[in-house]
Structure formats: structure tokens, C-alpha cells
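Asker: sequence first, predicted coordinates after that:
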Amino acid sequence: MLTLDNSPAREGQPEIYELLSEYAATFARQFDDDAAPIKSLYLYSHEPGTGKTTTAAAVLNEYIVRHYIGAIKRGRQPAEVPAYFLDVNAWQSDFNEFNRPRIPDEIAEPAAERYYRAQKRAMTAPFVVLDDIGVRECSEAFRADLHRIINARVTAGLPTVYTSNIPLSEINDVFREVPARLADRMRDLCAVLTFKGGSKRGLQRREGTENER
């Protein structure tokens, strides 16, 4: 299982991972109704491939592990879906799949079912990762659905980890049809962690090729 300790992104982002170790310690608050809310995170880098998605997945797994252990210790039933990872690009692909003209029902109906099931889980799960929310080339309908998820979580104060190649200060460029207060509310709830360096993807592929020689 991917964790903060074994994440391959840890070596390249040591300062962020030090902060995330402290952040994960706050997950115990989920069992205390009187505790301060668990803060949301906004993982940002202009360049792709800096480890944002890997890190978000590791944080999600940390939450799940601590949820199950904490629930069992307290004699509680763990939640059926304590945390959820939404790949926004894959979710958009499902949206496109059932909104294109002349798509056969056997393709459109499963895509629509996946889409709305994912939307419901992303809106209601106690802890969620929204991976790559900086979508620009999409329909207004899809953009509105993504905004609906974010707005629901912000309104309910549910901890959310966002990853994006767009600074939080520019998020209204994505949600341009909604009032600026959404970005303001996100900023109030989020700690922004900026990932340094360029993409490691090409380097990893080259190193792998060299090792095979």
C-alpha cells in the first residue's frame, strides 16, 4: 500500500512530506465531534509530474488506515466508504461518453451510471481527493457538476485534497460562471502546498531504460 513513508515522491519533496506527517496526525479528529475540523489541502505545481497525485493517494491511504484502526479501537463500525479518490479527467471521460450523439445505450448507460455514482461519493465521503481540478477544455454542464462537488464539500466543511496545475488564486478561471466566493471559501479551508521542480516522469523512464541495458 502506498503511504507517506514509502511514497516515491517523498525524496523530491522532503519539506512537504514533513508537513504531511503532521497533517496525518490530525486525522484522529474524525472521531471527536468537538475537535477542530481537519483542514483541506491544495497540492499545486505548474509543471505536471512532480508527485502531486502520488502524494494525494498516499494521504488518502493514511486516512483510510487511521479510520479503520480508530473505529475498531473505539468499538465503532467503520464507514463503508470513508474516503474516495476522484480522477477528474477519467470522470470527464465518462461524461463525454454518455453525452456524445448517437452513442449506443450499452455504452452510454454504464458510463452515466459510473459518472453519477462517482459524483455522489465525491460529494458525501468523509475524506476525498479531487485529482486535477484544473480542467479548462470542458462543457459548461461538466464544469457545473465539478463545481457542485466542490461547493458541497466546502459548505459541509468536509476535508478535501485537491491537486491542480492552476494556482488556487486563479481557480475562478476554471469556474468562471460562478461567484468569486467559491475560491475565497476554498482558500479559507485549504493549506496550499507547492510542489517544486520539474516533471520526474521522463527521468524515471530514462533511468528504467538504462537499468535494462
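Answerer: In hand now; what should we look at? Just so you know, these numbers come straight off a predicted model, no measurement behind them.
Asker: quick check: what element follows the longest helix anywhere in the chain along the chain?
Answerer: Criterion DSSP state H: the longest helix present in the chain is helix 52-73. Next helix or strand after helix 52-73 toward the C-terminus (DSSP states H and E): strand 83-87.
Asker: in the next helix-or-strand element following that next one, which residues are buried?
Answerer: Following strand 83-87 in sequence order, the next helix or strand is helix 88-99 (DSSP H and E). For helix 88-99, a neighbour-count test (16 or more other Cβ atoms under 10 Å) marks Val88, Trp91, Gln92, Asp94, Phe95, Glu97, Phe98 as buried. Backbone N, C-alpha and C define where each C-beta goes, glycine included.
Asker: buried residues of the following helix or strand past helix 88-99, list them for me.
Answerer: From helix 88-99 onward toward the C-terminus, using DSSP H and E, the following helix or strand is helix 105-124. Using 16+ other Cβ under 10 Å as the test for burial, helix 105-124 gives Ala108, Ala111, Ala112, Arg114, Tyr115, Ala118, Gln119, Arg121, Ala122, Met123.
Asker: outside of helix 105-124 itself, list whatever touches it.
Answerer: Helix 105-124 has contacts (Cβ atoms under 8 Å, 6 or more residues apart in numbering) with 81, 84, 86, 91, 94-95, 97-98, 128, 130, 145, 148-149, 152-153.
Asker: where does pLDDT dip in this protein?
Answerer: For the chain, the stretches with pLDDT under 70 are 136, 175-180, 198-213.
Asker: quick check: Val192 vs Gly51, distance?
Answerer: Look at Val192 and Gly51: by Cβ to Cβ, to the nearest Å, they are 16 Å apart.
Asker: if we can go back for a sec, wait, which of the buried residues of helix 105-124 is closest to Pro167?
Answerer: Pro167 has its nearest neighbour among the buried residues of helix 105-124 in Ala122, at 22.3 Å by Cβ to Cβ.
Asker: gap between that closest one and Leu4?
Answerer: Computed as Cβ to Cβ, the Ala122 to Leu4 distance reads 23 Å.
Asker: now do Arg148
Answerer: 30 Å.
Asker: repeat that for Pro37.
Answerer: From Pro37 to Leu4 the distance is 21 Å (Cβ to Cβ).
Asker: so if I had to pick from those two, which one is more boxed in?
Answerer: Using other Cβ atoms under 10 Å, the more surrounded residue of Pro37 and Leu4 is Leu4, with 18 against 12.
Asker: so who does that one touch?
Answerer: For Leu4, the contacting residues are Arg10, Tyr17, Leu20, Ser21, Ala24, Ala58, Val59, Glu62, by Cβ under 8 Å, 6+ apart.
Asker: which of these are buried?
Answerer: Among those, those classed as buried by 16+ other Cβ under 10 Å are Arg10, Tyr17, Leu20, Ala24, Ala58, Val59, Glu62.
Asker: beta partners of Tyr44?
Answerer: Ser164, Thr194 (DSSP bridges).
Asker: quick one: it from Tyr116, how far?
Answerer: 29 Å.
Asker: could you do Pro82 as well?
Answerer: Applying Cβ to Cβ to Pro82 and Tyr116 gives a distance of 21 Å.
Asker: ditto for Ile149
Answerer: For Ile149, the distance to Tyr116 equals 12 Å [Cβ to Cβ].
Asker: what do you get for Val154?
Answerer: Val154 sits 21 Å away from Tyr116, going by Cβ to Cβ.
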